[in-house]
Every structure is written in structure tokens, then in C-alpha cells.
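Colleague: Requesting a structural model of the entry that follows:
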Amino acid sequence: MSEYKVSVRYATSLLDTAIEKNIVETVSRDVELIHSAIESSRQLQSALSNPVVKPNVKLSVLEGIFKSKIGDESMNFLKFLVEKNRENLLNSIVGIYLELRDKYLGIVNVNVRTAVKFTDEQISQLRSNFEKYLNKKVKINFSIDPSTIGGFIAQVGDTVFDASLSHQLELLKKQFLKGGVSLN
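Modeller: Numbering: from 1, shown residues only. Presented below is the predicted three-dimensional model:
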């Protein structure tokens with residue numbers, strides 16, 4: 001079975017357990033912490049994916065890092081992954097869990113690239129507009145890209161909303177080339 005399918009199965013199982021026990025919020029906070037720790041530490045990634053490192057050592061590392069910071073259910077899940085020799089998929093599993101959680105809660109992730117940092121008012125307005133358009137709760141992930149020049153480029157799943165200045169200039173150029181715009 002592919003690693004992706006295995007990761008989906010484990011992530012789905014964790015979400016189902018969290019829903020059943022009514023601890024989705026707690027488990028989600030734990031999973032976000034785990035995901036952040038793995039993403040920021042090459043050493044942790046290497047330790048978890050290295051087949052030479054014994055499972056009991058991997059479990060000790062995970063317990064040392066997370067035991068006092070996450071709930072029992074999340075810690076038991078980490079222990080279960082180590083028992084099943086799936087700790088190398090931990091980052092993939094927690095990433096998929098967060099996607100499944102957002103889908104369960106009706107949250108849409110919108111990735112926005114801007115040339116400069118938006119003000120709180122601009123962020124609020126953008127979020128409001130996307131929530132109205134998508135009819136769902138929106139979580140916006142910003143990144144700064146100086147090549148954007150002005151405006152923003154937003155991506156929701158496979159759909160791209162290009163409200164950048166460079167895109168607007170390209171559209172204007174096409175209209176001029178077609179002869180659709182008159183200067184008089």
C-alpha cells in the first residue's frame with residue numbers, strides 16, 4: 001500500500017477517535033504542535049525516518065519532546081505509530097489530519113501571496129469576501145512575494161484568483177492588442 005494511503009488511514013483513524021471522544025480541538029492543537037516541531041527540526045525528521053534508530057529510542061525521543069505538551073490521546077497515538085513502525089510517516093499523517101480536520105469543520109484554506117504585508121483591516125476584508133464567496137469559514141495563509149508587484153494572488157484548492165497588478169496589466173495589454181480599448 002502506498003505511503004499516502006497509509007497516512008490517510010492513520011489520519012482518518014485519529015480524527016474519528018477525536019470526534020468520537022469529543023476532543024477534536026485538543027487533538028488538533030497537539031497535532032499542530034507535532035507538525036510544527038517536525039517541520040522545524042531536521043534532526044527529528046532524520047531520527048524518525050532512520051531505520052537504524054531502534055523503535056524504543058524513537059519513542060523515548062517523542063516522549064521527551066511531547067509528553068508534557070500534548071494530551072494522553074495524542075501521546076498514545078504516537079506510541080501506536082512507533083509500535084506499528086509507522087513513525088517515519090508521522091509528518092505526512094499529521095499534515096493529512098489537519099486537512100481532514102479542516103474539511104470536517106468546514107474550513108477552507110486560502111493561500112495568499114502578496115508583495116507587502118496586509119494590514120489587519122485588509123486581512124479582515126479579504127477573509128470576509130472569501131467567506132461570502134465560498135460560503136464557508138476561511139483560514140488564510142499569507143506569504144510575501146516581492147515579484148507580485150501589487151495586489152495579491154490567492155489559491156483555493158485548484159482555483160487561482162489573480163488580483164495582482166502584473167495580471168491586471170497583462171489583461172490591459174491583451175485588450176490593447178485586440179483593439180478593444182480606445183484611447184480617445
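
Colleague: Low-confidence stretches in this structure?
Modeller: Where the chain drops to pLDDT under 70, the residues are 1, 180-184.

Colleague: 90 instead?
Modeller: 1-2, 115-119, 134, 136, 142-152, 157-158, 161-184 (pLDDT under 90).

Colleague: Which parts of it are helices?
Modeller: Here the chain has its helices, by DSSP state H, at 3-20, 24-40, 42-49, 55-66, 72-83, 90-105, 120-134, 165-178.

Colleague: Which one of those lies nearest to I153?
Modeller: I153 sits nearest to helix 165-178 of all the helices of the chain, at 7.6 Å, using C-beta to C-beta. For glycine as for every other residue, the C-beta is placed from the backbone atoms N, C-alpha and C.

Colleague: Report all helices and strands that that closest one contacts.
Modeller: strand 151-156 (3 or more C-beta pairs under 8 Å, 6 or more residues apart in numbering; DSSP states H and E).

Colleague: gap between F80 and E73?
Modeller: 10 Å (C-beta to C-beta, to the nearest Å).

Colleague: before we move on, back to that, of the helices of the chain, which stretch is the most buried?
Modeller: Stretch with highest mean neighbour count among the helices of the chain: helix 90-105 (a mean of 19; mean count of other C-beta atoms under 10 Å).

Colleague: any idea how far that one is from the chain center?
Modeller: The chain centre lies 8 Å from the centre of helix 90-105; the measure is C-alpha atoms, centre = their mean, to the nearest Å.

Colleague: Ok, stretch 54-66 next?
Modeller: So, by C-alpha atoms, centre = their mean, the centroid of stretch 54-66 is 25 Å from its chain's centroid.

Colleague: For D158, which of the helices of the chain is the nearest?
Modeller: When the helices of the chain are ranked by proximity to D158 (C-beta to C-beta), helix 120-134 comes first, at 13.5 Å.

Colleague: Please find the angle between the direction vectors of the closest one and strand 151-156.
Modeller: Counting by axes from the mean of the first three to the mean of the last three C-alpha atoms, to 10 degrees, helix 120-134 lies at 40 degrees to strand 151-156.

Colleague: helices or strands next to helix 120-134 in the packing?
Modeller: Under the contact criterion of 3+ C-beta pairs under 8 Å, 6+ apart, helix 120-134 touches strand 107-114, strand 137-144, strand 151-156.

Colleague: Can you point out the buried residues in the second one?
Modeller: Which is strand 137-144. 138, 140 (16 or more other C-beta atoms under 10 Å).

Colleague: Return the distance of the closest residue in space to K67 that isn't next to it in sequence relative to G151.
Modeller: In space, and not counting its chain neighbours, K67 is closest to M75: 6.0 Å by C-beta to C-beta, 6 or more residues apart in numbering. Remark: distance between M75 and G151 (C-beta to C-beta) = 45 Å.

Colleague: same deal with L48?
Modeller: L48 is 41 Å from G151, by C-beta to C-beta.
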